[in-house]
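> Fold the following for me, if possible:
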Amino acid sequence: MAFYLAQSLIEPTAGLFFWKALAFAIFLFLLYKFGWGPITEALDERESRIEDSMTRAEQALEEAKAMQAENEKKRRQAEREAQRILREAREAAEELREEELEKTRDKISRMRDQAQAEIRREKQGALEDLRDEVADLAIEAARKVVQADLDADRHRQLVSNFIDELPKN
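Okay, the predicted model is just below:
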């Protein structure tokens, strides 16, 4: 009998075909009613989440590229600013060095002028002292000549010769 039942399930008969078709139709209806809707909703929701994730990823990528470009621009600006500051610092240092060099030159020039003026004063003082000494010697010589009873003509000639022999400086 088991063979007969198995045989009847394999052979196509109208009754078997009807019941199989009815069971399949009920299965499709139940699947559509309870399974198809939630499955398609879940797939649509998943597809929507994936699209949203891709959109957010693309936006994040664009933002990252924009931030990278902005950072690059700021870095270049910072480099230019640093170069400008270094250039200004070098120029300021050069100006300061030139000013200090000029001040030093002026100070040396003033010191040289003061030294030369001091030398001239000392020289003039020495010449005046020398003239005073020469005058004292001339007076002493004249006193000795006078004591030797020279005549006036001889006395004038001696003083005149002595004065002519004195240096003019």
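> Only C-alpha atoms from now on, for both contacts and neighbour counts.
Will do.
> and the helix or strand hosting Arg105, what does it pack onto?
For Arg105, the element it lies in under DSSP states H and E is helix 37-147. Of the remaining helices and strands, those touching helix 37-147 by 3 or more CA pairs under 8 Å, 6 or more residues apart in numbering; DSSP states H and E are helix 152-165.
> which of the residues in the helix it packs on are buried?
Residues of helix 152-165 classed as buried: Leu158, Val159 (neighbour count, 16 or more other CA atoms under 10 Å).
> tell me which strands and helices it is in contact with?
helix 37-147.
> Below-threshold pLDDT in the chain: ranges please.
Within the chain, the stretches with pLDDT under 70 are 1-12, 144-152, 155, 167-169.
> one more time with 50
Low-confidence segments of the chain, defined by pLDDT under 50: 1.
> Report the central residue of it.
For the chain, the residue nearest the mean C-alpha position is Ala82 (3.0 Å; CA atoms, centre = their mean).
> And that residue, how close does it get to Phe17?
As for Ala82, its distance to Phe17 is 90 Å (criterion: CA to CA, to the nearest Å).
> ok, now Ala135?
Distance from Ala135 to Phe17, by CA to CA: 168 Å.
> what do you get for Ala142?
For Ala142, the distance to Phe17 - CA to CA - is 177 Å.
> likewise Phe34?
25 Å.
> count of neighbours near Leu16?
By other CA atoms under 10 Å, 14 other residues sit near Leu16.
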